[in-house]
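**Q** Model the following, please.
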Amino acid sequence: MNLFRYKGVLAVRGMKKKFVFQGVHMIFSGQFSDDNEWKDGEERTCKFVFIGRNLDKAALIKGFEDCAVEEQLRFKAGDKVQANVGEWVAGFVVELWSDGNPYKIELTEGRTKGARVFAPMDEDDFVRVPREKGG
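**A** Numbering: from 1, shown residues only. Here you go, the predicted structure:
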């Protein structure tokens with residue numbers, strides 16, 4: 001594949017602002033736009049334009065589709081969980097889809113009690129069902 005230019009708009013779950021990007025070859029620029037927010041009722045879609053030679057359309061589509069989030073999260077607001085903050089700490093889910101993160105969690109033990117942290121992905125590496133100490 002020989003990619004010359006690309007640009008697009010992404011709908012990121014939990015974000016009101018549109019993510020706008022563009023690039024030339026390996027130079028990429030992208031950010032959440034201060035000027036462009038999704039309007040209430042507006043269909044949130046991702047749009048891309050790729051200009052190049054010998055582009056593998058199927059591979060490009062699959063690569064972006066693999067980034068799509070699951071519709072159903074494992075936990076609901078209020079559920080007790082453990083968050084990985086370098087060690088596993090007990091907490092509960094405060095909010096779903098906050099600032100592009102599936103979970104905002106309030107910690108309920110130790111020196112971090114009361115702190116709020118994000119779980120950036122809905123995977124056991126970041127947030128899990130509570131286990132016994134040492135588990």
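**Q** what about the strands in this structure?
**A** With DSSP state E as the criterion, the chain has strands at 2-10, 17-24, 27-37, 47-53, 80-84, 88-98, 101-107, 116-119, 127-128.
**Q** partner strands of the last one, parallel or antiparallel?
**A** Counting by DSSP bridges, the strands paired with strand 127-128 are strand 80-84 (antiparallel).
**Q** quick check, distance from the strand it pairs with to the centre of its chain.
**A** Centroid separation between strand 80-84 and its chain, computed with C-alpha atoms, centre = their mean, to the nearest Å, is 18 Å.
**Q** Using CSV, write out the CA atom coordinates for it.
**A** Only the C-alpha atoms of strand 80-84 are listed here, as CSV (Å, rounded to 0.1, in the frame of the first residue of the first chain):
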residue,chain,number,x,y,z
LYS,A,80,-18.9,-2.9,42.7
VAL,A,81,-15.7,-3.5,40.8
GLN,A,82,-11.9,-3.6,41.2
ALA,A,83,-9.8,-1.0,39.3
ASN,A,84,-6.2,-1.6,38.3
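**Q** What angle do strand 101-107 and that strand make with each other?
**A** 100 degrees (axes from the mean of the first three to the mean of the last three C-alpha atoms, to 10 degrees).
**Q** any idea of the mean pLDDT for strand 80-84?
**A** Across strand 80-84, the average pLDDT comes to 97.
**Q** Low-confidence bits of this protein, can you list those?
**A** By pLDDT under 70, the low-scoring segments of the chain are 70, 133-135.
**Q** can you rerun that using 80?
**A** Along the chain, segments meeting pLDDT under 80 span 1, 68-71, 132-135.
**Q** Would you mind giving the strands of the chain as TSV with distance to F64 added?
**A** Where you see a C-beta, it was placed from the backbone N, CA and C, and this is true even at glycine. Shown next, in TSV, are the strands of the chain (distance: least, C-beta to C-beta, whole Å):
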stretch	distance to F64
strand 2-10	9
strand 17-24	12
strand 27-37	14
strand 47-53	7
strand 80-84	27
strand 88-98	20
strand 101-107	19
strand 116-119	23
strand 127-128	25
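**Q** Just put those strands in JSON lines and tack on distance to R74 and mean neighbour count.
**A** Listed next are the strands of the chain as JSON lines, based on distance: least, C-beta to C-beta, whole Å; neighbours: other C-beta atoms under 10 Å:
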{"stretch": "strand 2-10", "distance to R74": "24", "mean neighbour count": "15"}
{"stretch": "strand 17-24", "distance to R74": "25", "mean neighbour count": "16"}
{"stretch": "strand 27-37", "distance to R74": "26", "mean neighbour count": "11"}
{"stretch": "strand 47-53", "distance to R74": "30", "mean neighbour count": "11"}
{"stretch": "strand 80-84", "distance to R74": "9", "mean neighbour count": "19"}
{"stretch": "strand 88-98", "distance to R74": "10", "mean neighbour count": "18"}
{"stretch": "strand 101-107", "distance to R74": "9", "mean neighbour count": "22"}
{"stretch": "strand 116-119", "distance to R74": "10", "mean neighbour count": "19"}
{"stretch": "strand 127-128", "distance to R74": "8", "mean neighbour count": "22"}
